[in-house]
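In: only geometry, no sequence info:
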């Protein structure tokens with residue numbers, strides 16, 4: 001899984017990009033938080049959250065100086081929620097892959113690109129232990145499973161419809177809105 005590049009998307013020049021990379025580890029250690037989220041604009045890290053600090057923090061002077069009131073609290077709440085989801089996803093993976101112990105990871109990358117023709121494309125991918133697990137195709141609203149274990153998650157997410165609805169709303173509305181604000 002290449003964390004900052006979306007998979008198999010049409011080739012148009014990208015004017016700007018917004019990416020979030022989240023990583024959850026089963027066995028944190030010194031200097032390695034259990035959960036880490038990094039936001040990138042045009043490949044530049046602009047915000048960071050980790051479970052040891054428990055707060056989203058700016059990574060660039062322009063974000064430190066220019067965030068609207070309440071921004072850091074809101075981003076911290078979002079990251080706390082995402083940390084809980086990643087914890088559940090790691091436990092789910094343990095069951096799906098029959099892990100008995102050891103170091104395991106959940107990686108998630110999502111974001112959007114502003115393309116040269118003015119359109120926006122969004123993407124979501126999730127992996128376990130560095131291997132693809134599931135991705136979301138925005139155009140079709142379907143999930144793509146990378147293996148048999150991921151088929152279980154795909155069926156669940158497509159059956160309840162909530163995950164597809166959330167991803168579509170985020171990738172079509174929220175992500176492009178924030179990308180435009182950041183640039």
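Out: Arrived safely. Since this is a predicted model, take the numbers as computed values, not measurements.
In: alpha carbons only for contacts and neighbour counts from here, please
Out: OK.
In: Give the next helix or strand downstream of the longest helix seen in the chain.
Out: The longest helix of the chain (DSSP state H) is helix 71-97. The first helix or strand that comes after helix 71-97 along the chain, using DSSP states H and E, is strand 105-115.
In: Quickly run through the sheet partners of that following strand, with directions.
Out: Strand pairing for strand 105-115, using DSSP bridges, gives strand 14-25 (antiparallel), strand 120-128 (antiparallel).
In: List the buried residues in the longest helix of the chain.
Out: Across helix 71-97, burial judged by 16 or more other CA atoms under 10 Å covers 72, 75-76, 79-80, 82-83, 86-87, 89-90, 93-94.
In: so which of those comes closest to residue 122?
Out: Closest approach between those and residue 122, by CA to CA: residue 82, at 18.3 Å.
In: where's the closest one relative to residue 170, distance?
Out: 14 Å (CA to CA, to the nearest Å).
In: so who does the most far-flung residue of the chain relative to its centre touch?
Out: Centroid-distance maximum for the chain: residue 100 at 26.1 Å, with CA atoms, centre = their mean. Residue 100 makes contacts with residue 94, as judged by CA atoms under 8 Å, 6 or more residues apart in numbering.
In: Go through the host helix or strand of residue 165 and flag the buried ones.
Out: Using DSSP H and E, residue 165 maps to helix 162-169. Within helix 162-169, the residues that qualify as buried are 163-164, 167-168, counting by 16+ other CA under 10 Å.
In: now stretch 147-162
Out: Going by 16+ other CA under 10 Å, stretch 147-162 has these buried residues: 150-151, 153-154, 157.
In: ok, now stretch 18-31?
Out: Residues of stretch 18-31 classed as buried by neighbour count (16+ other CA under 10 Å): 18-26.
In: Dump those residues to JSON lines, plus distance to residue 54.
Out: Formatted as JSON lines, the buried residues of stretch 18-31 follow (distance: CA to CA, whole Å):
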{"residue": "18", "distance to residue 54": "22"}
{"residue": "19", "distance to residue 54": "20"}
{"residue": "20", "distance to residue 54": "17"}
{"residue": "21", "distance to residue 54": "17"}
{"residue": "22", "distance to residue 54": "14"}
{"residue": "23", "distance to residue 54": "15"}
{"residue": "24", "distance to residue 54": "14"}
{"residue": "25", "distance to residue 54": "16"}
{"residue": "26", "distance to residue 54": "17"}
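In: just the buried residues of stretch 147-162 now: which is nearest residue 68?
Out: Ranked by distance to residue 68 (CA to CA), the buried residues of stretch 147-162 are led by residue 157 at 34.2 Å.
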